[in-house]
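*Asks:* What shape does this take:
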Amino acid sequence: MQKIDYKKELNEKQFEAATSTDGAYLVIAGAGSGKTRTLVYRVAYLVEKGIVPERILLLTFTRKAAEQMLRRASSLLDNRCQHVSGGTFHSFANSILRKYAKVLGLANNYTILDESDAEDVVNILRTRLELNKQEKRFPRKKAVLEMISKSINKVEPLRKVIYDEYPQFLEWEEEINKIKQLYKEYKFEKSLIDYDDLLVYLKRLLLEFDDIRIKLSDNYKYVMVDEYQDTNKLQALIVSLLASVHKNIMVVGDDSQSIYSFRGANFKNIMDFPKIFPETKTITLEENYRSTQTILNLTNNIIGMAAEGFGKSLFTRKEGGVLPIYIDAADESAQSKYIADKILQLREQDVELSDIAILFRSGWHSNDLEVELASRNIPFMKYGGRKFIEAAHIKDVLSYLRIIHNIKDEVSWHRALLLCKGVGPKTADKIINQVIKKDNLSQTDTKQFRKIDIDKLMELLSQIKENSYTLLEMLDLFLKHYQPLFREKYDDFNKRVNDLDSLRRIATRYGSLEGFLADMALEPPERSIVESSFRDKDDSTLTLSTIHSAKGLEWHTVFIIYVAEGYLPSYLSLEDKDSIEEERRLLYVASTRAKHNLFLIKPQVDRSPGSFFMEGKTVFTQVSRFIDTPKIFNELLDCQASLDLKTTEKEFNYELDSSHSKNDGFMDNLKEYFKDDFIA
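*Replies:* Purely as a prediction, here's the structure:
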């Protein structure tokens, strides 16, 4: 059997992390320090030691990440690694809830609502309460759902979320609370659950049923979590409960890259992990394999001024490297022209466009640049746009399949029926009420509506319900039915048809309807083919991206634009210390994407008509506070000398509280730490 020489393949700290097994470990993995490599080798090490693969649980934030890690571990050792239990928090929760749904009073054939579907449900309730007819502005469905979701993921009262982030809607607090309650009841009655419910129900299962918690914890003997800094409070509690019996848990992440608070991610999770597991050993990965030391000197200084964090100083064994360059452009147009000129120069120096990225805090910051790039015929792809699953024509087809899976899925019924000619919301409601009341397609009388399209749809649904079709056979029947409706509904159907072909190709990889629908909701393809088809096939493509979308990626050359007060940090964060610290981490994340060249650019004046500073006026900008220090800014301007930061390796040791032993009062400690989170 294959043996791996771990000491040879890993550096000292990676080796320590990969070969640490029993107990609680916090691995602080600096940017570019080989975090994924370390996790891959730890999976292989556990399996090689004889741990049953299915008893190892690897939780990640994307299915792709989990699959890649297990594939790499298999190539190192053998195919046993492919049997490691792994996936995203939500897909793992779904797999557990399918087994234990009845314990919680759920139907095990529940349908998972994606974000758009959830918004539609909220809109149905909003309309029923006639809140859409108010004289004063009532929040739209998207905003209402966001408020509800944030209160759940942050484990905060809805009032606090409204007060902190949506103060303009405080007068509607009572009505929004009413929608929240009705939304919960509606989903339960219709056997629907949304993303948040997956975590909420799993938390309930682990908290309310000790026998199940103990069984699951005993089953998953070794728990590993990637990107722990991105977890929300619910996820941190779930992970702790899963490890409550054995306490064999390793969480890996970087406090300096915690940038997703708007999604509910909690910076305190990674900082307070040793409080939950008092015997935690902290291992810090500081050797960087991505960037030059000149870039690391800058990034170390940026994050070194953070108010809170684990101490680390990134270093590399790479030699050479050019200093990061700061450019104070005359205005936004000059900023765009400088970047375009520099890109063309780099291309002549054999740097591929695909190895260059322009990063920015908010999507609109690149508007002028996009015009300039187009005028120069420089192909680019901008990231952060609409997902494949959110395309209307894809949602149309999926609505048919969801009805087959769950006849009570009212949202999908609405979508499917409104595609029929001459059918409006009232007619759709009448049909839906009949179907759900009788819980039977064949007993539903639709002849009274005298609509040919309705009859065709009901006949097709009944046919598929009564026969044992494969997923692909079902999809082909629905696509055939949908074709004339598709051509009627969309003027640009010829551009959209490739997406339907792609949906069919994706479906060929699945053996079950349930698995297909679950993945379409939990791990949908990232981009629409319609959007990504407009590219120059004779050249590679430049990347334009928000910093949030760029996390985890790297390029030879990185430009960060609008490094100015009000832009980075965003003007929305200026009054809040925690938000300012997250903005600092954003700049750190952006800067650590660069391998060789790093450019930080700011226009001297802002002449954009929609400027938040002063509408329609010319305003002088100030350089971002994160580089406006003598230690950073002056030397960036000088571009002559290194930042001369010491790069000796340091280890951060958390001082253990000796009053706690490994097994004493863990659940009591957990309850004290999470407090209100234990209220099911």
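*Asks:* Just list the residues touching the closest residue to residue 545 other than its chain neighbours, thanks.
*Replies:* Leaving aside its chain neighbours, residue 545 sits nearest to residue 383 (4.3 Å; criterion: C-beta to C-beta, 6 or more residues apart in numbering). Placement of C-beta: from N, CA and C, glycine included. By C-beta atoms under 8 Å, 6 or more residues apart in numbering, the contact set of residue 383 is 543, 544, 545, 546, 549, 550.
*Asks:* Just the mean pLDDT for the top helix by length along the chain, thanks.
*Replies:* What stands out as the longest helix in the chain, according to DSSP state H, is helix 471-489. What helix 471-489 shows for mean pLDDT is 90.
*Asks:* by contact count, what packs against it?
*Replies:* helix 392-405, helix 452-466, helix 493-507, helix 513-522 (3 or more C-beta pairs under 8 Å, 6 or more residues apart in numbering; DSSP states H and E).
*Asks:* among these, which is nearest residue 292?
*Replies:* When these are compared by C-beta to C-beta, helix 513-522 sits nearest residue 292, at 38.6 Å.
*Asks:* could you give the angle of the closest one to helix 493-507?
*Replies:* 120 degrees (axes from the mean of the first three to the mean of the last three C-alpha atoms, to 10 degrees).
*Asks:* and helix 513-522, which residues are buried?
*Replies:* For helix 513-522, the neighbour count (16 or more other C-beta atoms under 10 Å) marks 513, 514, 516, 517, 518, 519, 520, 521, 522 as buried.
*Asks:* List just the nearest of those to residue 304.
*Replies:* For the buried residues of helix 513-522, the nearest to residue 304 is residue 522 (38.1 Å; C-beta to C-beta).
*Asks:* My guess is the closest one contacts residue 112. True?
*Replies:* Yes: with contacts counted by C-beta atoms under 8 Å, residue 522 reaches residue 112, the gap being 6.9 Å.
*Asks:* Find the residues that touch each one of these two.
*Replies:* 94, 195.
*Asks:* Find the nearest non-adjacent residue to residue 244, please.
*Replies:* residue 217 (5.4 Å).
*Asks:* Do I have it right that that neighbour meets residue 241?
*Replies:* Yes: checked against C-beta under 8 Å, the pair residue 217 and residue 241 is within contact range at 7.3 Å.
*Asks:* buried set for the longest helix of the chain?
*Replies:* Here helix 471-489 shows 471, 474, 475, 477, 478, 479, 481, 482, 485, 486 as buried, counting by 16+ other C-beta under 10 Å.
*Asks:* what does that helix rub up against?
*Replies:* Outside helix 471-489, the residues touching it (C-beta under 8 Å, 6+ apart) are 393, 396-397, 400-401, 404, 419-421, 453, 456-457, 460, 463-464, 469, 493, 496, 500, 503-504, 507-508, 510-513, 516.
*Asks:* Please type out the PyMOL selection for whichever of the residues you listed turn out to be buried.
*Replies:* A single PyMOL command is used to select the members of the contacts of helix 471-489 judged buried by 16+ other C-beta under 10 Å:
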select buried, resi 393+396+397+400+401+404+419+420+453+457+460+464+469+496+500+503+507+510+513+516
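*Asks:* circling back: got the contacts of residue 383 as TSV, with secondary structure and distance to residue 431 columns?
*Replies:* Output for the contacts of residue 383, formatted as TSV (DSSP: H, G, I helix; E, B strand; the rest coil; distance: C-beta to C-beta, whole Å):
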residue	secondary structure	distance to residue 431
543	strand	47
544	strand	46
545	strand	44
546	strand	42
549	helix	41
550	helix	46
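*Asks:* how about those in a markdown table, adding distance to residue 576?
*Replies:* Shown next, in a markdown table, are the contacts of residue 383 (distance: C-beta to C-beta, whole Å):
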| residue | distance to residue 576 |
| --- | --- |
| 543 | 30 |
| 544 | 28 |
| 545 | 25 |
| 546 | 20 |
| 549 | 23 |
| 550 | 24 |
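*Asks:* what's the farthest-apart pair in the residues you listed?
*Replies:* 543 and 546 (11.0 Å).
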